[in-house]
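Trainee: Everything below, folded, please.
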Amino acid sequence: MRKMCRKIKAGILSAFVFFTVALAGCGSSGNLKDGYYTAEMAEFSHGWKEYLVIQVCHGNIVSAEFNAKNESGFIKAWDNSYMKNMVSVQGTYPNKYTREYVQQLLDEQADVQVDAVTGASTSGSNFVKLADAVLKQAARGDSQTVRVE
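Mentor: Down below sits the predicted model:
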């Protein structure tokens with residue numbers, strides 16, 4: 001009987017530790033409401049308009065897309081000739097630096113202070129503005145697209 005009680009106590013303790021660790025891993029980054037949130041620059045710059053879309057689940061940003069589109073909706077990261085020209089001059093390209101900025105957002109979750117990527121500092125500055133806008137939208141639960149100056 002004692003052996004069985006010890007096993008039950010050990011099982012309860014193990015379950016408690018497991019759920020405590022699991023809950024800590026699912027902690028919220030603040031008061032973000034679940035959903036999808038989008039911000040885009042108000043104007044096109046050099047033919048492109050940058051945007052950021054985030055998905056919030058259980059109060060945490062679980063996915064994000066930062067990119068730019070032209071007036072026809074073509075995505076900058078898909079433009080191979082643009083990539084070839086940019087990488088030869090700047091040493092980076094949209095499909096690379098957009099992922100780096102997004103990873104920083106996913107890592108930080110809030111109060112985004114990105115490390116600017118050399119050759120993409122304007123995009124880095126825009127990313128910070130867009131991230132601030134979508135985080136405010138997510139805090140309110142307002143899924144309307146925000147235009148950022």
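
Trainee: Tell me the bridge partners for the residue nearest the centre of the chain.
Mentor: Nearest to the geometric centre of the chain sits residue 64, at 3.9 Å (C-alpha atoms, centre = their mean). With DSSP bridges as the criterion, residue 64 is bridged to residue 54.

Trainee: so it touches residue 105, yeah?
Mentor: Yes: counting by C-beta atoms under 8 Å, residue 64 does reach residue 105; the two are 5.5 Å apart. Where C-beta positions appear, they are placed from N, C-alpha and C, glycine not excepted.

Trainee: which residues are common contacts for those two?
Mentor: Any residue near both residue 64 and residue 105 by C-beta atoms under 8 Å, 6 or more residues apart in numbering counts here, and that gives residue 54.

Trainee: how about low-confidence regions in this protein?
Mentor: 1-30, 115-121 (pLDDT under 70).

Trainee: can you do 50?
Mentor: 4-29 (pLDDT under 50).

Trainee: ok so, going back, show me what contacts the residue nearest to the centre of the chain?
Mentor: Residue 64 is in contact with 52-55, 102, 105-106, counting by C-beta under 8 Å, 6+ apart.

Trainee: What is the nearest of those residues to residue 114?
Mentor: residue 105 (7.7 Å; C-beta to C-beta).

Trainee: one step back: tell me the two of the contacts of residue 64 that are most distant?
Mentor: Top of the distance list for the contacts of residue 64 (C-beta to C-beta): 53 and 106, 13.0 Å.

Trainee: quick one: which of those two has more around it?
Mentor: Neighbours per residue, other C-beta atoms under 10 Å: of residue 53 and residue 106, the larger number sits with residue 53, 17 against 14.

Trainee: what about that one, distance to residue 137?
Mentor: Using C-beta to C-beta, to the nearest Å, we find residue 53 at a distance of 11 Å from residue 137.

Trainee: what do you get for residue 145?
Mentor: Taken as C-beta to C-beta, the span from residue 145 to residue 137 is 9 Å.

Trainee: Need the overlap of contacts for these two.
Mentor: Contact criterion C-beta under 8 Å, 6+ apart; residues bridging residue 145 and residue 137 by contacting each: 38-39.
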